[in-house]
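Visitor: Sequence and predicted structure below; questions after.
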Amino acid sequence: MLLAAAGLALLNLWRWWPTDMRQDGAASPATSAQVTPDELRVSGLVSDEMLRAAPRRDLFAPGGAPEPAAFVPIEPAPAPPEPQVDAEARAMERARRRLGEYRLEGTLERRGERQAFLAHNGEVYCVGGGERLADGIVVDAVGPSHVVLRDTRNAIVHTLSLGSAPGGNADGTR
């Protein structure tokens, strides 16, 4: 086995040895200096007439490329008109905001009636169901963990839950 490997190595060495160093003068594979471009041409794919008929283009010649189109600035579209909000919608939004300013601090049951402690602008109110607060706000119902407030002018109802931040319910809704 070693003898066969040594024989193959010698044959490979003899095959790639330069011809000027060989004694038998056998031709070695061609180098790039010996090959001409005409020898590399593939015949039959493109005829000489087709090559002559093709337009000559020099990509690097000046004036060969067309002039770019002139820059035309695009004007932004006009802003859409602001939605028309009527006075009634503004009043309802103010009432929602006013109801959202209250915060439920706690509830208790006194003499069979449930009462709630509501905080508003640094003051705490102890109210029961049906009582009237400032600016037309009425306490509709008091539960063990919630209070229902109603604005009498706009008929907007807002529920406050224990642990809710001012302006929203415990679940994050208004």
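Guide: That came through, no problem.
Visitor: In a helix, residue 7, correct?
Guide: Yes. Counting by DSSP: H, G, I helix; E, B strand; the rest coil, residue 7 is part of a helix.
Visitor: and it, how far is that from residue 18?
Guide: Residue 7 is 21 Å from residue 18, where distance means Cβ to Cβ, to the nearest Å. (Each C-beta comes from the backbone N, C-alpha and C, glycine too.)
Visitor: These two: which is more packed in?
Guide: residue 7 (10 against 7; other Cβ atoms under 10 Å).
Visitor: For residue 140, see how far away the most centrally placed residue in the chain is.
Guide: Nearest to the centroid of the C-alpha atoms of the chain, with distances taken as Cα atoms, centre = their mean, sits residue 76, at 23.2 Å. As judged by Cβ to Cβ, residue 76 and residue 140 stand 50 Å apart.
Visitor: Likewise for residue 95?
Guide: In this view, residue 95 and residue 140 are 14 Å apart by Cβ to Cβ.
Visitor: Considering only helices and strands, which part of the chain has the lowest mean pLDDT?
Guide: Here the helix or strand of the chain ranked lowest by mean pLDDT, DSSP states H and E is helix 48-53, holding a mean of 71.
Visitor: Just the strands from this protein, written as ranges.
Guide: 103-110, 113-120, 123-128, 137-142, 146-151, 156-161 (DSSP state E).
Visitor: need these in TSV with mean neighbour count, mean pLDDT and distance to residue 86, can you?
Guide: Below are the strands of the chain laid out as TSV (neighbours: other Cβ atoms under 10 Å; pLDDT from 0 to 100; distance: least, Cβ to Cβ, whole Å):
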stretch	mean neighbour count	mean pLDDT	distance to residue 86
strand 103-110	14	90	30
strand 113-120	17	90	28
strand 123-128	13	90	33
strand 137-142	19	91	23
strand 146-151	20	91	18
strand 156-161	18	90	16
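Visitor: Not counting stretch 109-124 itself, show me its contacts.
Guide: With Cβ atoms under 8 Å, 6 or more residues apart in numbering as the contact definition, stretch 109-124 has outside contacts at 101-108, 125-129, 133, 139, 142-144, 147, 160.
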